[in-house]
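Peer 1: structure of the sequence below:
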Amino acid sequence: MKKGGIAVGSCCGCTGLGVVGLLILGVIGSLAAPTEQSPTPVASSSAASSATPAPSSAEDAHEAGSVSVTPDASPALNSDVNAASVPGENNATVAPAGQQAAPTGTALAQLRTLEVKGRAPKTGYDRESFGWRDDVDRNGCDTRNDILRRDLKNITTKAGTQGCVVLSGRVDSPYSGSSYDFVRNPTNTDIDHVVALSDAWQSGASSWDAQKKIAFANDPLNLLAVESTLNQQKGDGDAATWLPPHKPYRCEYVARQVAVKAKYGLWVKPAEAEAIERVLTACPDMKAFDRSVEPPATDSTTEAKPAPTERPRRAEKPKRADKPRQASKPAPLVREVEKEAPKKAPKKEAPKKEAPKKSSSKKKSSGRGGFRNCTEAWNKGAAPLHRGEPGYAPKLDGDDDGVACEKDPR
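Peer 2: Purely as a prediction, here's the structure:
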């Protein structure tokens with residue numbers, strides 16, 4: 001029995017220990033359960049409140065495509081450009097975090113005053129509506145010739161145009177860095193719009209009235225005489241798609257683009273802003289473009305001399321004077337022949353007609369009394385006497401040439 005009692009008691013003890021263990025585990029479990037559950041809703045709520053607005057804000061900024069850039073807001077420019085990431089380019093180079101403000105009066109500082117915004121649609125664009133080449137300054141010369149006179153050296157202009165129409169000159173192209181002779185027709189030189197008309201249309205010009213569009217298209221600030229090939233190569237590209245092949249000119253080129261856009265309130269597109277800032281970072285002291293670019297006044301002293309084709313017309317005048325001289329030469333010859341003819345004829349016939357003429361002269365002299373000598377013939381105004389005429393007598397014709405009393409003997 002004792003053994004049995006011990007066995008039973010042992011069994012009861014084990015059971016009691018098991019129950020106690022289960023109770024302890026239950027208590028521990030109840031205590032541990034809240035600590036495992038309470039962090040979950042907090043973390044979830046925090047993540048929802050911090051992560052959800054961020055993509056929404058970025059999408060709104062990209063959707064609106066607009067952010068105001070100031071000299072103190074370079075991070076805003078950087079975040080906007082990164083939001084509209086450009087494939088294959090490092091967008092972080094536009095305005096790194098913590099970058100200092102650009103020096104006042106520089107092109108870089110002016111760039112950061114421009115609005116950065118997405119490209120507007122090209123719908124409704126009409127190049128002709130910009131009135132390119134109109135004589136906006138009323139100097140009697142269209143804009144193309146104004147810019148040619150400004151940018152070319154050693155020019156000559158067409159006669160009769162008051163020094164307006166350029167015929168020849170020397171072009172120093174800023175885009176290529178080369179110099180070449182200007183050819184008018186067919187032309188080898190275009191007038192490039194630094195900010196292309198189409199690019200302006202997609203950067204705010206679509207809302208302009210006609211007067212502002214004409215002013216923009218003909219503004220000397222926005223115009224340069226360059227090679228036709230490079231102007232065609234550029235097309236309507238902005239700084240993100242095209243830069244002059246002559247690298248030393250790129251800083252001034254983008255500074256001029258910024259000046260044009262600032263003057264007319266145009267915005268820059270994200271990739272364009274990045275490209276311009278990258279160029280200007282290499283020349284941070286580049287001043288905002290404000291150089292005078294007005295064309296010079298027309299100058300009639302540059303007009304070409306009369307074309308060589310006009311000189312032969314003046315030389316033709318002597319030729320016209322020669323014609324009457326040639327026509328007048330035959331006339332004296334005819335008269336001389338007519339005068340000489342009667343002299344030669346009587347000489348040949350004189351021997352045959354001597355007898356009848358003597359008898360006739362006797363009759364005439366007996367009828368009219370004749371002339372005793374040449375003095376009488378001259379006194380009566382009949383001399384000289386020609387053979388066959390009344391009063392002629394061979395005795396008065398001493399040289400027998402058919403003419404008597406040629407000289408006055410008185």
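
Peer 1: going forward, measure contacts and count neighbours with C-alpha atoms only.
Peer 2: OK.

Peer 1: quick check: which ranges of the stretch 51-200 of the chain have low pLDDT?
Peer 2: 51-100 (pLDDT under 70).

Peer 1: just the helices from it, written as ranges.
Peer 2: Assignment of helices within the stretch 51-200 of the chain using DSSP state H, counting those that start in this stretch yields the ranges 53-64, 74-83, 107-111, 143-151, 197-201.

Peer 1: ok, now the stretch 251-400 of the chain?
Peer 2: Taking DSSP H, counting those that start in this stretch to define them, one finds helices in the stretch 251-400 of the chain at 270-281, 311-328, 330-368, 374-379.

Peer 1: tell me the pLDDT of residue 212.
Peer 2: The predicted local confidence for residue 212 comes out at a pLDDT of 97.

Peer 1: likewise for residue 404?
Peer 2: For residue 404, the predicted pLDDT is 81.

Peer 1: residue contacts, the nearest residue to it once chain neighbours are set aside?
Peer 2: When the adjacent residues along the chain are set aside, residue 404 lies closest to residue 397, with 4.1 Å between them (CA to CA, 6 or more residues apart in numbering). The neighbourhood of residue 397, defined by CA atoms under 8 Å, 6 or more residues apart in numbering, consists of 403-405.

Peer 1: got it, and residue 290?
Peer 2: Residues near residue 290 by CA under 8 Å, 6+ apart: residue 259.

Peer 1: state the distance from it to residue 176.
Peer 2: Using CA to CA, to the nearest Å, we find residue 290 at a distance of 23 Å from residue 176.

Peer 1: what does stretch 235-252 contact?
Peer 2: When contacts are defined by CA under 8 Å, 6+ apart, stretch 235-252 is touched by residues 174-177, 195-199, 234, 253-254, 271-276, 279-280, 283, 286, 289.

Peer 1: quote the end-to-end distance of it.
Peer 2: Between the opening and closing residues of stretch 235-252 we find a distance of 19 Å, counting by CA to CA.

Peer 1: and if you look at stretch 147-159?
Peer 2: End-to-end distance for stretch 147-159: 19 Å, by CA to CA.

Peer 1: then stretch 133-150?
Peer 2: Its start and end residues considered, stretch 133-150 measures 15 Å (CA to CA).

Peer 1: ok, stretch 276-293 next?
Peer 2: Criterion CA to CA; first-to-last residue distance in stretch 276-293 is 22 Å.

Peer 1: then stretch 115-134?
Peer 2: Terminal residues of stretch 115-134 lie 30 Å apart, using CA to CA.

Peer 1: list the buried residues of that stretch.
Peer 2: 115-120, 130-134 (16 or more other CA atoms under 10 Å).

Peer 1: would you turn these into TSV with distance to residue 162?
Peer 2: Written out in TSV, the entries for the buried residues of stretch 115-134 read as follows (distance: CA to CA, whole Å):
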residue	distance to residue 162
115	44
116	45
117	46
118	46
119	44
120	43
130	27
131	23
132	22
133	18
134	18
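
Peer 1: which one of these is nearest to residue 170?
Peer 2: Within these, proximity to residue 170 (CA to CA) peaks at residue 133, which comes in at 21.3 Å.

Peer 1: which ones are touching that closest one?
Peer 2: Taking CA under 8 Å, 6+ apart as the definition of contact, the neighbours of residue 133 are 142-144, 217-218.

Peer 1: residues near the nearest residue to it once chain neighbours are set aside, how many?
Peer 2: With CA to CA, 6+ apart as the measure, residue 143 is the residue that lies nearest to residue 133, at 4.6 Å, once sequence neighbours are left out. A count of nearby residues for residue 143, using other CA atoms under 10 Å, gives 23.

Peer 1: over to residue 200?
Peer 2: Using other CA under 10 Å, residue 200 has 26 other residues around it.

Peer 1: contact partners for the nearest residue to it once chain neighbours are set aside?
Peer 2: Leaving aside its chain neighbours, residue 200 sits nearest to residue 266 (6.9 Å; criterion: CA to CA, 6+ apart). Residue 266 sits next to 114-115, 200, 203-205 when contact means CA under 8 Å, 6+ apart.

Peer 1: how about these in TSV, adding distance to residue 105?
Peer 2: Written out in TSV, the entries for these read as follows (distance: CA to CA, whole Å):
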residue	distance to residue 105
114	14
115	18
200	24
203	24
204	24
205	26
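
Peer 1: between those, which is nearest residue 305?
Peer 2: Minimum separation from residue 305 among those (CA to CA) is found for residue 200, which lies at 42.1 Å.

Peer 1: how far away is the closest one from residue 246?
Peer 2: As for residue 200, its distance to residue 246 is 24 Å (criterion: CA to CA).

Peer 1: just to revisit the earlier point, got the contact list for the residue nearest to residue 133?
Peer 2: Under the criterion of CA under 8 Å, 6+ apart, the neighbours of residue 143 are 132-136, 218.

Peer 1: also residue 267?
Peer 2: With contacts defined as CA under 8 Å, 6+ apart, the neighbours of residue 267 are 114-117, 203-204, 261.

Peer 1: next: residue 145.
Peer 2: Contacts of residue 145 by CA under 8 Å, 6+ apart are 164-166.

Peer 1: turn the contacts of residue 267 into TSV, columns for distance to residue 211.
Peer 2: Conversion of those to TSV gives the following (distance: CA to CA, whole Å):
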residue	distance to residue 211
114	23
115	23
116	25
117	25
203	18
204	15
261	17
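
Peer 1: so which of those are in strands?
Peer 2: Using DSSP state E, the members of the contacts of residue 267 that fall in strands are 116-117.

Peer 1: tell me which of the contacts of residue 267 is nearest to residue 297?
Peer 2: The shortest separation between residue 297 and any of the contacts of residue 267 is 26.8 Å, and it belongs to residue 261 (by CA to CA).

Peer 1: nearest residue to the closest one other than its sequence neighbours?
Peer 2: In space, and not counting its chain neighbours, residue 261 is closest to residue 267: 6.7 Å by CA to CA, 6+ apart.

Peer 1: still on that earlier bit, so which of the buried residues of stretch 115-134 is the closest to residue 189?
Peer 2: Nearest to residue 189 among the buried residues of stretch 115-134, counting by CA to CA, is residue 133 at 14.8 Å.

Peer 1: what separates that closest one from residue 168, distance-wise?
Peer 2: 19 Å.
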